[in-house]
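how does the following fold in three dimensions:
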Amino acid sequence: MPLFSRHGAIRGACLLSCCVAALAVAATPAAAQEAPATGDAPPPVSTPTRGGKKVFTPADFARYAPRSAFDMLSQVPGFSIRGEDGGSRGLGQASGNVLLNGKRQSGKSADPVSTLQAIPADNVQRIEIVDAAELDVPGLSGQIANVVYEASTRPSGQFSYRPEFRAHYAHPVWTRGDVSVSGTSGPVEYTLGLRNDASRGGAGGPTTITRGGTLFETRDDVFTSDFEQPKLTGQFKIDGPGSSVGNVNLLLRHFDYDYNETSRRDRVTGADLVRLTRQAQKGENYEIGGDVEVALAGGRFKLIGLARASDEPFFQEVLTSTDDSSADTGNRFVQDGSSAERIARAEYRWKIGRTDLQVSGEAAYNNLDRASRLFALNAAGDFAELPFPDGSGKVSEDRYEGLLTVARPLASNLTAQLVVGAEHSTLVQEGAGGKRRSFLRPKGSLNLAMQVTPRFSANLKFIRRVEQLQFGDFLARVFLDNGNANAGNPDLVPEQQWRLEMELARDLAAWGKTRLNIAVALKEDVVDIIPIGLTGESLGNIPHAQGVGIDWNSTFQLDPIGWKGARVDVRLYTLLSRIRDPLTGERRSWSSRTDRLAELDLRHDVPRSNWAWGGGINYAHQTLAYRLNEVGRQYEGPVWTSLFVENKDVLGLTVRANVTNLTNARSRWDRIVYTGRRNLAPIDFAENRNRLIGPIFSLSARGTF
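Below you'll find the model as predicted:
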């Protein structure tokens, strides 16, 4: 009998109870140890320094018994880790908010979470929270975490194992975990890691189809999805002669995704149907990057290089059979292709008085080579290929960028950083409708950071940004599962935007921290679905769009009110957006965006013990998604809840048991589909999907060696 059947929620709850009991038994010896109970340690309280920098020491995190730098940074009040934008153009300016020993990671696939988890907590000397404008790293905004650590002279390791089980439909996850080893050998500091963020999905339940307000079809749908993505990483820092230093980053990742869906369709009139959908994607990608920095003419000169490539096969098949004598129908869509990126970058920075300057130049080459094939099931039961010329082709871009960065204090509590420059790019598409185009675009930013009081800071940033295109959007493709297709668009250009960001942060001392972010975006050439020809549609460019995002993120420590060991993290987010619909000309929200979000998380580290418990509640709302022949909203939720219990010393491990989706979040899709373009054609049908997900049980064990 499977551990979790469709009706196995009670069995899952019993398993969780057994795990909690096992934690209590295994943790009993820890209570008798001489080390003080972690629940008695005080909450993190930063030490303000001159200039407004906030400093946290390892003692500030004793309450949480951290195993790694990630465990420590995750508990900094009011701070949320943001990684580098892997889809950004080239290497360019930094976009994350985490530095390691004052440096950004030289790589596009660098994951700050994985990197921080590989740094033992014992190696961390301090964590500094500092305003971006005060650093000599162009592109940063808001408050930045600089993790200062010293590598161990002896090899040390981190590991975790994180299985997961669902009460309904989905297969269990047995292969999720990671292990890393770091240390130094002579002049080389190294970190080697193996990680698999495997995941499983599954849901099932009814879908109704109505036409003209009358029930037409009832469906019973069940899907499962399985995803494995093991990856090997290597990071090496080399201390060269004098003050020179080099870094090498390696990544090799394999991915295997498999999706299966069975849909039993009962029609009010006519033959009933069974539709089987299968989707698979297997491939590999790699990244090799490195940099070398040397002293030169009173400044520092750095050369950076990066190469990465990905194999991108894709398979989708839909088969439909009826319970009468009708022949089966079906389609198959197959893609095979590869993408690559090569980047070379040079930076030179120096100082004149109190002014920091940097000039940089970057050359990047991106390309995609893809072949797509479309098939239909014929009367003989074989898949016969159909013409699909627009699905195959090559897309490439050559890009060159030059930037000048100037940073200096304007007053004792005010610092400015100015970045000015431009990029020249040439886009080439080979294949159906192929063309060659060149563009020259300005880029840059102005960042102002003010320490208004020792505990209140304000950051203001103006940005001119050019986004990276997804080259696959130039080519045609079909979506067999949803009955949609993109015609492809050789005229696609990158999205650009003027952006204003403001961050206000208030340190509440023993009470925690509160932070408010406001962003205003004026976008140009917005990538969205547009009409192609008389009947087609594809991703293209809409001239203008506007949006305002407000994000409030706070941590409140409850020790001052007498609840020792407790903290609450709160986040509220809203997005107000508008764009002119390319079909109707009416103003609407941006398509398929989270426009409302509310999160509340509680953690209680129990005094006089190594136990902690807590939970969270999350609400999210999506804007409508627009295609030319349909309007709908697809989401999971809208409310998610979770509970956890944790012991920080179970035979030397930190062990946590967690259950998610206590309030029955569902897999939903509500859409209206038209017989043609929705500004002229009548409604064809309305679809309402309501699938059960059920509770999700997970365990984790983390330790060091």
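
mind checking the SS state of the spatially most central residue of the chain?
Centroid-nearest residue in the chain: Gly83, 8.1 Å away (criterion: C-alpha atoms, centre = their mean). Gly83 carries the three-state label coil when classified by DSSP: H, G, I helix; E, B strand; the rest coil.

that one reaches Gly96, doesn't it?
Yes. With the criterion set as C-beta atoms under 8 Å, Gly83 and Gly96 qualify as a contacting pair; they are 5.0 Å apart. For every residue, glycine as well, the C-beta is placed using N, CA and C.

for the residue nearest to the centre of the chain, what are its contacts?
Under the criterion of C-beta atoms under 8 Å, 6 or more residues apart in numbering, the neighbours of Gly83 are 96, 98, 110-113.

out of the residues you listed, who's nearest Asn541?
Gly96 (27.8 Å; C-beta to C-beta).

ok, back up a step: pull out the buried members of the contacts of Gly83.
With burial judged by 16 or more other C-beta atoms under 10 Å, the buried subset of the contacts of Gly83 is 96, 98, 110-113.

Pro531 pairs with what?
Going by DSSP bridges, Pro531 is paired in beta bridges with Glu537.

where does it land on pLDDT?
Looking at Pro531, its pLDDT stands at 95.

what's the lowest-pLDDT member of the contacts of Gly83?
Among the contacts of Gly83, Ala110 carries the lowest pLDDT, at 70.

show me where the stretch 551-700 of the chain has its strands.
In the stretch 551-700 of the chain, the segments counted as strands under DSSP state E, counting those that start in this stretch are 566-580, 587-588, 594-605, 611-622, 625-627, 630-637, 639-650, 653-660, 666-674, 683-692, 696-704.

now the fifth one: average pLDDT?
By that I understand strand 625-627. The average pLDDT within strand 625-627 is 97.

by contact count, what packs against that strand?
Of the remaining helices and strands, those touching strand 625-627 by 3 or more C-beta pairs under 8 Å, 6 or more residues apart in numbering; DSSP states H and E are strand 512-532, strand 630-637.

gap between that strand and the chain center?
Here strand 625-627 is found 22 Å from its chain centre; the criterion is C-alpha atoms, centre = their mean, to the nearest Å.

strands paired with it, and their directions?
Take DSSP bridges as the rule and strand 625-627 pairs in its sheet with strand 630-637 (antiparallel).

now swap in the shortest one and tell me
Paired with strand 587-588 in the same sheet, following DSSP bridges, are strand 566-580 (antiparallel).

what comes up buried for the strand it pairs with?
Applying a neighbour-count criterion of 16+ other C-beta under 10 Å, one finds 566-573, 575, 577, 579 buried in strand 566-580.

Thr262 versus the closest residue in space to Glu687 that isn't next to it in sequence, what's the distance?
Using C-beta to C-beta, 6 or more residues apart in numbering and skipping residues adjacent in sequence, the residue nearest Glu687 is Arg671, 5.1 Å away. Arg671 sits 21 Å away from Thr262, taking C-beta to C-beta, to the nearest Å as the criterion.

ok, now Ala327?
Ala327 sits 20 Å away from Thr262, taking C-beta to C-beta as the criterion.

neighbour count for the two, which is higher?
Counting neighbours by other C-beta atoms under 10 Å for Ala327 and for Thr262 shows that Thr262 has the greater number, 14 against 11.

export the helix or strand harbouring the more buried one as PDB, just CAs?
Assigned by DSSP states H and E, Thr262 belongs to strand 245-267. These are the backbone C-alpha positions of strand 245-267, laid out as PDB (Å, rounded to 0.1, in the frame of the first residue of the first chain):
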ATOM      1  CA  VAL A 245      43.400  37.400  -6.800                       C
ATOM      2  CA  GLY A 246      41.500  35.100  -9.100                       C
ATOM      3  CA  ASN A 247      38.200  33.200  -9.000                       C
ATOM      4  CA  VAL A 248      36.900  30.200 -11.000                       C
ATOM      5  CA  ASN A 249      33.300  29.000 -10.900                       C
ATOM      6  CA  LEU A 250      32.100  25.800 -12.400                       C
ATOM      7  CA  LEU A 251      28.500  24.400 -12.800                       C
ATOM      8  CA  LEU A 252      27.200  21.300 -14.500                       C
ATOM      9  CA  ARG A 253      23.500  20.500 -14.200                       C
ATOM     10  CA  HIS A 254      21.300  17.800 -15.500                       C
ATOM     11  CA  PHE A 255      17.500  18.200 -15.600                       C
ATOM     12  CA  ASP A 256      14.700  15.600 -16.100                       C
ATOM     13  CA  TYR A 257      11.100  16.800 -16.100                       C
ATOM     14  CA  ASP A 258       8.100  14.500 -16.700                       C
ATOM     15  CA  TYR A 259       4.400  15.400 -16.700                       C
ATOM     16  CA  ASN A 260       1.500  13.100 -17.200                       C
ATOM     17  CA  GLU A 261      -2.200  14.000 -17.100                       C
ATOM     18  CA  THR A 262      -5.400  11.900 -17.500                       C
ATOM     19  CA  SER A 263      -8.600  13.700 -18.200                       C
ATOM     20  CA  ARG A 264     -11.900  11.700 -18.300                       C
ATOM     21  CA  ARG A 265     -14.500  13.900 -20.000                       C
ATOM     22  CA  ASP A 266     -18.200  13.200 -19.600                       C
ATOM     23  CA  ARG A 267     -20.300  15.200 -22.100                       C
END
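
coming back round to it: dump the residue contacts of the residue nearest to Glu687.
625, 630-634, 686-687.

okay, now the unreliable bits of the stretch 51-200 of the chain?
In the prediction, the stretch 51-200 of the chain carries residues with pLDDT under 70 at positions 51-52, 84-88, 92-95, 139.

residue boundaries of the helices in it?
Using DSSP state H, counting those that start in this stretch, the helices of the stretch 51-200 of the chain run over residues 69-73, 112-117.

hey, which of those helices is tucked in deepest?
Relative to the other members of the helices of the stretch 51-200 of the chain, helix 69-73 carries the highest mean neighbour count by mean count of other C-beta atoms under 10 Å, namely a mean of 24.
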